[in-house]
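Sequence and predicted structure below; questions after.
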Amino acid sequence: MIARVALPLPRAAPFDYEVPPHLPVEVGHRVRVPFGPRRLWGIVVELREEPTFPGPLLPVEATAGPVLSPPGLELVSAVARRSFVGVGLALARLVPAPTGSRVREVEPGPKPSTLTPAQARVWAAVQTGTTDARELRRLPGGARALRELLRGGSLRPRSLPFAYREERKGIALTPHQERAVERVVAGIGREKKYLLVGPPGSGKTEVYLRAAAAALERGGSALLLAPEVSLLPQLWARAGAALGAPPAPYFGELPGGERWRTWADALAGTARAAVGTRSAIFLPLQNLGLIALDEEGEPAYKQEEMAPYYHARAVAEARAAREGAAVVLGAAAPSVESYFRAERGELELLALPERVVGSPPRVEAVPRGDEVIGPALREAMDRHLRAGGQVLLFVHRLGFYTGAVCRCRAVLRCPRCEIPLVFHLADRAFRCHACGHSVRDPQCPRCGEARFHPFGVGTERAEHEARRLFPGTTVARLDADTARDRDRILSALARGEIQVLVGAQMVGKGLDFPGITLVGVVDADGLLAAPDFRAAERAYQLLAGAAGRAGRGDQPGEVIVQTDQPDVYPIRCALQGDDRGFYAEELRYREALRYPPFMRLVRLLASGRDAEGKAEKLAKTLAGQGFEVLGPVRLFPRRGVPRAQLLVRGDEGVVEALAAVLPSLPPWLAVDPDPGWLG
Ligand code: ADP
Ligand code: ZN
């Protein structure tokens with residue numbers, strides 16, 4: 001028997017190996033094979049009688065058992081093909097490696113009678129609330145002491161992925177919810193696709209949960225996706241309460257052992273409900289009945305950083321087509337693309353027009369001014385805090401100052417990536433958000449001086465301002481820099497122990513915290529400044545999401561948006577809740593400029609030596625073959641590596657047409673068939 005084994009090599013097709021008679025190898029198994037002087041683990045994609053390779057074959061050496069079922073394998077192969085990479089590389093990046101799990105969180109067990117000094121340190125730390133095993137291992141002698149205490153039972157591993165808890169509330173669905181659930185449940189097993197639109201608090205999550213319960217009742221499985229890890233604890237807790245058992249978690253930051261555990265349980269059919277971020281769309285859940293993507297318009301659903309590039313929404317639809325699952329795309333402000341497809345009847349539109357709790361907030365635009373928190377926002381914060389409400393301040397950029405300019409007018413930039421450096425108070429240094437390069441006392445590369453004038457508002461600065469203006473209130477910040485404490489912060493917020501939360505990105509959306517009665521958008525104009533054709537869509541989504549918070553019944557919600565451009569259509573429509581107006585205007589603009597969703601843009605990214613020259617040549621070749629080519633344009637380098645990009649515009653068939661003329665990519669070229677952000 002011959003096994004074709006996909007190896008983790010960028011462009012390579014699978015290789016032939018001989019299967020020794022005693023070795024039980026099947027399609028979807030992870031196997032170890034010799035490769036030149038090395039040993040590599042790969043995945044068997046095919047078993048056949050006859051080799052495709054004419055020479056003598058080396059043997060498969062070992063198998064680690066199944067990691068993927070044949071439909072899963074087909075799915076990953078399709079994704080790899082669309083992204084112009086070998087299936088081996090795609091598998092290596094999308095399928096977790098089997099590993100044991102390491103204890104991540106602990107809780108106290110029986111009190112130990114005698115303790116070594118190191119054990120006593122660990123024990124004392126746990127008593128004062130440190131449950132993170134990584135922190136405990138960092139104490140002097142901590143790693144060993146932790147092992148010993150776990151072995152003796154004085155500490156127990158905490159197996160649940162999130163500390164967040166929620167009780168199941170008795171909920172009677174509204175008529176709109178009933179209808180939505182009914183439609184989605186009817187689509188289970190029929191590969192139906194739905195767009196569920198409703199403001200925050202309209203009960204979309206409840207619809208996903210009911211539909212998931214129906215899928216489980218029929219013996220199927222259900223997958224619930226959120227765009228960001230910060231949204232998972234609440235989703236996980238609510239799903240656990242609604243489905244009767246905690247769903248399996250799956251996301252990139254989950255330690256490898258636990259990722260593998262969830263993956264293996266899905267493959268074995270023992271995990272039937274899962275929650276996760278975009279990579280969870282590949283979880284090999286058996287007999288998949290429902291896939292729900294909450295906040296479907298979020299760019300985080302797109303894998304942009306490395307091949308295989310994929311959009312979780314597109315993969316969800318591909319899975320539905322193969323496995324018959326129903327797909328629900330949910331959003332307060334759907335992507336322009338999904339809105340367009342719903343208009344054309346490709347997605348069935350389900351609307352939840354009303355909030356089930358609270359009333360629509362009062363939304364007001366106020367001038368931005370020079371202060372981070374201007375007078376109107378400050379006054380409103382004061383009012384809400386006095387009344388016992390919680391305040392959410394939304395700031396879309398990280399750091400303290402988002403840039404600095406020298407007296408000679410030169411902007412302080414990363415020497416290797418050329419993007420502006422951001423001042424972070426936490427490290428008292430300027431940091432590059434692309435490569436992490438950090439500098440404490442920068443000198444101007446142009447004039448040699450060190451007199452920079454910092455500007456811009458990041459999350460740290462808003463946090464600092466909130467503390468300064470409201471001494472005595474508890475202010476917390478949730479962004480990429482504090483992501484490690486996310487669980488703790490969200491739990492404290494739910495318990496009312498945090499009065500002002502400063503957040504980036506998703507904190508304004510998706511989470512259901514009725515105690516938040518005021519949302520302040522610190523710099524709405526900054527959202528529009530991005531050089532990308534999706535900037536208006538992004539600004540609208542973020543504002544509509546932030547503006548959609550309901551507040552409590554006894555304390556109506558309020559939203560204050562600091563902007564100097566209240567009449568620009570994404571801002572105006574978001575403030576007025578005019579979704580039709582926004583999509584109509586945006587679609588007119590997209591059509592006039594021949595942008596998606598009317599046309600498809602494929603991104604070709606050249607990197608390395610002479611990236612621009614190579615991109616130039618490629619552009620000429622492709623144009624000569626009849627493709628419509630935009631660019632190339634030089635991009636900022638990444639870690640000193642030059643980059644250039646060109647876009648190919650065409651209809652739906654353009655990806656295949658490109659694949660026909662680019663059967664194998666040179667190593668300096670990457671192709672993203674569905675680029676999200678082009679700036
Ligand atoms: P969305 O996902 O649209 O933001 P959720 O499903 O999170 O809305 O609902 C908001 C809140 O209202 C949650 O606390 C939820 O438990 C509650 N809720 C949802 N549906 C109902 C209902 N029909 N009756 C009462 N409460 C509901
Ligand atoms: Zn850099």
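Arrived safely, thanks for sending. Ligands and ions are numbered 1, 2, ... in the order given.

Quick check: end-to-end length of stretch 187-201?
Chord length of stretch 187-201, first to last residue, is 24 Å (CA to CA, to the nearest Å).

Would you indicate which residues of it are buried?
Across stretch 187-201, burial judged by 16 or more other CB atoms under 10 Å covers 187-189, 191-201. Any C-beta I mention is one placed from the backbone N, CA and C, and that applies to glycine too.

cool, stretch 366-373 as well?
Within stretch 366-373, the residues scored as buried using 16+ other CB under 10 Å are 366, 368, 372-373.

Stretch 147-158 now?
Residues 148-150, 154-155 are the ones in stretch 147-158 that count as buried (16+ other CB under 10 Å).

same thing with stretch 519-535?
Within stretch 519-535, the residues that count as buried by 16+ other CB under 10 Å are 519-528, 530, 533-535.

Tell me how many other residues surround Asp567.
9 (other CB atoms under 10 Å).

My error: substitute Pro663 in the last question.
Neighbour count for Pro663, taken as other CB under 10 Å: 7.

helix, strand or coil for it?
Of the three states, Pro663 takes coil under DSSP: H, G, I helix; E, B strand; the rest coil.

ok, Ile171 touching Leu209?
No - Ile171 is not in contact with Leu209 according to CB atoms under 8 Å; the separation is 9.3 Å.

what about these two, which has more around it?
Each of Ile171 and Leu209 has its neighbours counted (other CB under 10 Å); Leu209 has more, 24 against 13.

So the more buried one versus ligand 1, what's the distance?
Separation of Leu209 from ligand 1 (CB to the nearest ligand atom, to the nearest Å) stands at 8 Å.

Now for that residue: which residues touch it?
Leu209 sits next to 224, 238-239, 242-243 when contact means CB atoms under 8 Å, 6 or more residues apart in numbering.

Distance to ligand 2, secondary structure and neighbour count for those - can I get that in TSV?
Formatted as TSV, those follow (distance: CB to the ion, whole Å; DSSP: H, G, I helix; E, B strand; the rest coil; neighbours: other CB atoms under 10 Å):
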residue	distance to ligand 2	secondary structure	neighbour count
Leu224	36	strand	27
Arg238	39	helix	23
Ala239	39	helix	26
Ala242	44	helix	20
Leu243	44	helix	19
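
for these, which one is nearest ligand 1?
Arg238 (7.2 Å; CB to the nearest ligand atom).

how about the nearest residue to the closest one, chain neighbours excluded?
Distance criterion CB to CB, 6 or more residues apart in numbering; nearest residue to Arg238, sequence neighbours excluded, is Glu166 at 5.5 Å.

which parts of the stretch 101-250 of the chain sit against ligand 1?
169, 171-174, 177, 198, 200-206 (CB under 6 Å from any ligand atom).

Buried members of these into PyMOL, please.
Selection of buried members from those for PyMOL, criterion 16+ other CB under 10 Å:
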select buried, resi 173+174+177+198+200+201+202+203+204+205+206
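
Among the residues of the stretch 101-250 of the chain next to ligand 1, which pair sits farthest apart?
The span of these, defined through CB to CB, is set by Ala172 and Pro200 at 20.1 Å.

And stretch 276-289, how far out from the chain middle?
15 Å (CA atoms, centre = their mean, to the nearest Å).

One more: stretch 654-672?
On CA atoms, centre = their mean, the centre of stretch 654-672 falls 26 Å from that of its chain.

sorry, back to before: and the buried residues of stretch 147-158 as CSV, adding pLDDT?
Formatted as CSV, these follow (pLDDT from 0 to 100):
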residue, pLDDT
Glu148, 91
Leu149, 91
Leu150, 86
Ser154, 88
Leu155, 88
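
So which of these sit within helices?
Those of those mapping onto helices are 148-150, per DSSP state H.

for those residues, which one is nearest Gly436?
Checking these against Gly436 by CB to CB gives Leu150 as the nearest, at 33.7 Å.

Against Phe162, how distant is that closest one?
As judged by CB to CB, to the nearest Å, Leu150 and Phe162 stand 21 Å apart.

ok so, going back, is it possible to get a markdown table of the buried residues of stretch 147-158 that adds distance to ligand 2?
A markdown table is the format used below for the buried residues of stretch 147-158 (distance: CB to the ion, whole Å):
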| residue | distance to ligand 2 |
| --- | --- |
| Glu148 | 43 |
| Leu149 | 42 |
| Leu150 | 41 |
| Ser154 | 46 |
| Leu155 | 41 |
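
Quick check: of the residues you listed, which lies closest to Pro34?
Of the buried residues of stretch 147-158, the one sitting nearest to Pro34 (CB to CB) turns out to be Leu150, at 38.5 Å.

That closest one and Ala143 touch, don't they?
No - between Leu150 and Ala143 there is no contact under CB under 8 Å: 11.0 Å.

any idea which helix or strand of the protein has the worst average confidence?
The helix or strand of the chain with the poorest confidence is strand 551-552; it has a mean of 61 (mean pLDDT, DSSP states H and E).

For the chain, which residues are neighbours of ligand 1?
Near ligand 1, when you scan the chain using CB under 6 Å from any ligand atom, you find 169, 171-174, 177, 198, 200-206, 356-357, 512.

Looking at those, which are in helices?
177, 204-206.

quick one: contacts for Asp610?
Asp610 touches Pro642, counting by CB under 8 Å, 6+ apart.

And it, how close does it get to Pro596?
Going from Asp610 to Pro596 by CB to CB gives 30 Å.

what does Gln645 give?
16 Å.

How about the residues of this structure by ligand 2?
Residues of the chain found near ligand 2 (CB under 5 Å from the ion) are 414, 416-417, 432, 434-435, 437.

out of the residues you listed, who has the most neighbours?
Cys414 (25 neighbours).

tell me the contacts of that residue?
Cys414 neighbours (CB under 8 Å, 6+ apart): 420-421, 432, 434-435, 437.

thinking again about what came up before, for my notes, please list the residues of the stretch 101-250 of the chain next to ligand 1 in TSV and give pLDDT for each entry.
Formatted as TSV, those follow (pLDDT from 0 to 100):
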residue	pLDDT
Lys169	74
Ile171	88
Ala172	93
Leu173	95
Thr174	95
Gln177	97
Gly198	91
Pro200	81
Gly201	82
Ser202	89
Gly203	93
Lys204	95
Thr205	95
Glu206	96
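
nearest to Arg30, of the residues of the stretch 101-250 of the chain next to ligand 1?
The nearest one, if we look at these relative to Arg30 and count by CB to CB, is Thr205, at 35.7 Å.

hang on, the closest one packs against Leu231?
No - counting by CB under 8 Å, Thr205 stays clear of Leu231, with 10.0 Å between them.

what's near enough to touch Glu148?
116, 119.

Identify the residue of the stretch 301-450 of the chain closest to ligand 1, quick one.
Counting by CB to the nearest ligand atom, the stretch 301-450 of the chain gets nearest to ligand 1 through Val356 (4.0 Å).

for the stretch 301-450 of the chain, what spans make up the strands?
Here the stretch 301-450 of the chain has its strands, by DSSP state E, counting those that start in this stretch, at 302-303, 310-311, 326-331, 348-351, 362-366, 390-394, 403-406, 422-424, 429-431, 438-439.
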